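Asker: Below is the sequence, then the predicted model.
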Amino acid sequence: MAIVQELDQTERTYELRIPMSYEEFLAKIDESTHAEWVNGEAIIFMPPTPLHQHVVGFLYALLREFNKIFGLGEVFTAPIEMKVTPDGSGREPDVLFVATKNAHRITDKKIEGPADLVIEVISDESLTRDRSEKFYEYQDAGVREYWLIDARPGRQRADFWVLGVDGRYRPVPLNEDDVYYSTVLPDFWLDTNWLWQDELPDVLSTLAQIVGEERLIAHLRQKGADRPH
């Protein structure tokens, strides 16, 4: 593919920007390429670090398994496009959740409209984009809850915002134990200390802490019973 060849020939920087229309973006950038369309440009990102992917993978798996128990909606991870408005940017959040009541926004090719919850895990090149550009885009589009996780060594920080009745994000502080309680996902809570461990905790063990061992065991038994024999 010409786009990929151009990227391979480019000096290793954090991203490659190519002017093109949104229609060209859809035609030339395949689904496996981590890219976003913003203000008339395709922005193609370099591969993320292992740490970034470990944190993204942990959060995605944790939310996915939690959602399987409660059936609240669908959880996705990049690369999947979220077109928050018809004429707006095409973003690829690290993790996103779409509630059942908004399932009509999930199409064969993308998420048409805002997700209910978006998680971005910061990398060296994404700090300004995640804290500024995407913050205001997601706020204005109506993303109900935005998590921003920075797990980089020496910078470990987690910020959470919830959309207020005035349409603006308000920061939600952690409790005294560094735990965040979601408003979009009832009964879900996240101990942010999990994210700073050298080895991230086991997803099922973590889920048992959140939902309780009895409920998790019942879910796993039902899951096993539903499998064809």
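Answerer: Nice, I can see it.

Asker: Kindly confirm my reading that residue 183 forms part of a strand.
Answerer: No - with DSSP: H, G, I helix; E, B strand; the rest coil as the criterion, residue 183 is coil rather than part of a strand.

Asker: you'd agree it is up against residue 145?
Answerer: Yes - counting by C-beta atoms under 8 Å, residue 183 touches residue 145, with 6.1 Å between them. All C-beta spots, glycine's among them, are computed from the backbone N, C-alpha and C.

Asker: So if I had to pick from those two, which one is more boxed in?
Answerer: Higher neighbour count among residue 183 and residue 145: residue 145, with 21 against 15, using other C-beta atoms under 10 Å.

Asker: ok, now which ones touch that one?
Answerer: Neighbour list for residue 145: 116-118, 160-163, 182-184 [criterion: C-beta atoms under 8 Å, 6 or more residues apart in numbering].

Asker: Give the rounded mean pLDDT of stretch 175-192.
Answerer: The pLDDT scores in stretch 175-192 average 97.

Asker: With stretch 133-151 instead?
Answerer: pLDDT averaged over stretch 133-151 gives 95.

Asker: Out of the contacts of residue 145, list just those in strands.
Answerer: For those, the ones inside strands are 117-118, 160-163, with DSSP state E as the criterion.

Asker: Next, show the common contact partners of residue 183 and residue 145.
Answerer: Joint contacts of residue 183 and residue 145 (C-beta under 8 Å, 6+ apart) are residue 162.

Asker: Which stretches in this structure count as strands?
Answerer: According to DSSP E, the strands that the chain contains are 15-19, 35-38, 41-45, 73-77, 82-83, 90-91, 95-99, 111-112, 117-121, 145-150, 157-163, 169-171, 179-181, 189-191.

Asker: In JSON lines, list these along with distance to residue 56.
Answerer: Shown next, in JSON lines, are these (distance: least, C-beta to C-beta, whole Å):
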{"stretch": "strand 15-19", "distance to residue 56": "18"}
{"stretch": "strand 35-38", "distance to residue 56": "16"}
{"stretch": "strand 41-45", "distance to residue 56": "13"}
{"stretch": "strand 73-77", "distance to residue 56": "6"}
{"stretch": "strand 82-83", "distance to residue 56": "15"}
{"stretch": "strand 90-91", "distance to residue 56": "15"}
{"stretch": "strand 95-99", "distance to residue 56": "6"}
{"stretch": "strand 111-112", "distance to residue 56": "17"}
{"stretch": "strand 117-121", "distance to residue 56": "5"}
{"stretch": "strand 145-150", "distance to residue 56": "9"}
{"stretch": "strand 157-163", "distance to residue 56": "14"}
{"stretch": "strand 169-171", "distance to residue 56": "22"}
{"stretch": "strand 179-181", "distance to residue 56": "17"}
{"stretch": "strand 189-191", "distance to residue 56": "14"}
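
Asker: and of those strands, who's closest to residue 131?
Answerer: Nearest of the strands of the chain to residue 131, taken as C-beta to C-beta: strand 145-150 at 6.6 Å.

Asker: partner strands of the closest one, parallel or antiparallel?
Answerer: strand 117-121 (parallel), strand 157-163 (antiparallel) (DSSP bridges).
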